[in-house]
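> Predicted model and sequence below, questions to follow.
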Amino acid sequence: MNKPLFDCSKGKLRIAGLISGSGKSLISIIERQKELEADSNCNFEVVGLFSDNPNSKAEHISKTYNIPVFVNDIKAFYLERNKDITDKTARKEFDQQTADFLKTLKPDIVIYAGYIWATTEPLLTSFQSINCHPADLSVVNQDGRAYAGAHGVRDALLAGETTLNSSLHMVTAKIDHGPILLISEPVIVEDDSGELDLKSRSIKYLRLLNEKSRKLCALGIEKISENMFTTNDKGELCYKDVAIPKGYRL
């Protein structure tokens, strides 16, 4: 018998978000929560959020939806310690402060909703987390996932892909390499290479993929809360009890 990916038997699934900017993906989850609550049938709730950026929309989201927030300016954090922003020892200290706050919320899932920083052990080992990446992580080449990393959209365009997708996946220590949950509906690539340079095309399609990502985050949380995602006796990730080694494609 398959085992639910997350234990939803103790009540509503508790969601905490990490954001760096607009938080639109987290807002999409909250708005879906409100829609389902209006029908008296919601199995999840957003219980708080964290941001590394004092100029993000975290405080606004907190006030609008009456949920706890903790903002810890990562740039100021590093400056106070006279450390480079890439220093991993300082990052662990920073992530520990984030984890300490999140633990007060008792989340079942932490969602990286436009959080731009790679995270370290204090977060990776304390919580089960998911992230939405603006590229199709099921595509592989000789080096592994072809469109992982910060330049996934650009790399997909350079490869001549005619459609682009976002991917919802589990967060692991290796960035963008966790098990894939969902793959979005496609964004069609237009014949626009003669009109726009690669940078402009990448920005154009990233914007479209971010729209897909916001919907994917809300849908993913909803389906997780309904126990649609399970693992079988082989440890394989399943959707509706069918193994999905490359994620479930919408």
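That came through, no problem.
> Let me see the contact set for the closest residue to Asn165 other than its chain neighbours.
Of all residues not flanking Asn165 in the chain, Asp136 sits nearest, at 4.2 Å (Cβ to Cβ, 6 or more residues apart in numbering). All C-beta atoms are positioned from the backbone trio N, CA, C, and that covers glycine. Counting by Cβ atoms under 8 Å, 6 or more residues apart in numbering, Asp136 touches 147, 156, 161, 164-167, 183.
> What about the residues you listed, which are in helices?
Judged by DSSP state H, the contacts of Asp136 include Ala156 as members of helices.
> Please report how far the residue nearest to Asn165 lies from Ala156.
Asp136 is 7 Å from Ala156, where distance means Cβ to Cβ, to the nearest Å.
> likewise Tyr147?
From Tyr147 to Ala156 the distance is 5 Å (Cβ to Cβ).
> In this structure, where is pLDDT below threshold?
Nowhere does the chain drop to pLDDT under 70.
> Need the residues touching each of Tyr147 and Ala156.
Shared contacts of Tyr147 and Ala156 (Cβ under 8 Å, 6+ apart): 135-136, 139.
> will you turn those into a markdown table that also has secondary structure?
Listed next are these as a markdown table, based on DSSP: H, G, I helix; E, B strand; the rest coil:
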| residue | secondary structure |
| --- | --- |
| Ala135 | coil |
| Asp136 | coil |
| Val139 | coil |
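> Make a markdown table from those and add distance to Leu209 to it.
Below are the shared contacts of Tyr147 and Ala156 laid out as a markdown table (distance: Cβ to Cβ, whole Å):
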| residue | distance to Leu209 |
| --- | --- |
| Ala135 | 7 |
| Asp136 | 10 |
| Val139 | 14 |
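> ok, the closest residue to Lys92 other than its chain neighbours - contacts?
Counting by Cβ to Cβ, 6+ apart, Lys92 lies nearest to Thr120, which is 4.7 Å off, once chain neighbours are set aside. The neighbours of Thr120, taking Cβ under 8 Å, 6+ apart as the test, are 88, 91-92, 95.
> And Thr120, how far from Ser25?
22 Å.
> got it, and Asn66?
Going from Asn66 to Ser25 by Cβ to Cβ gives 19 Å.
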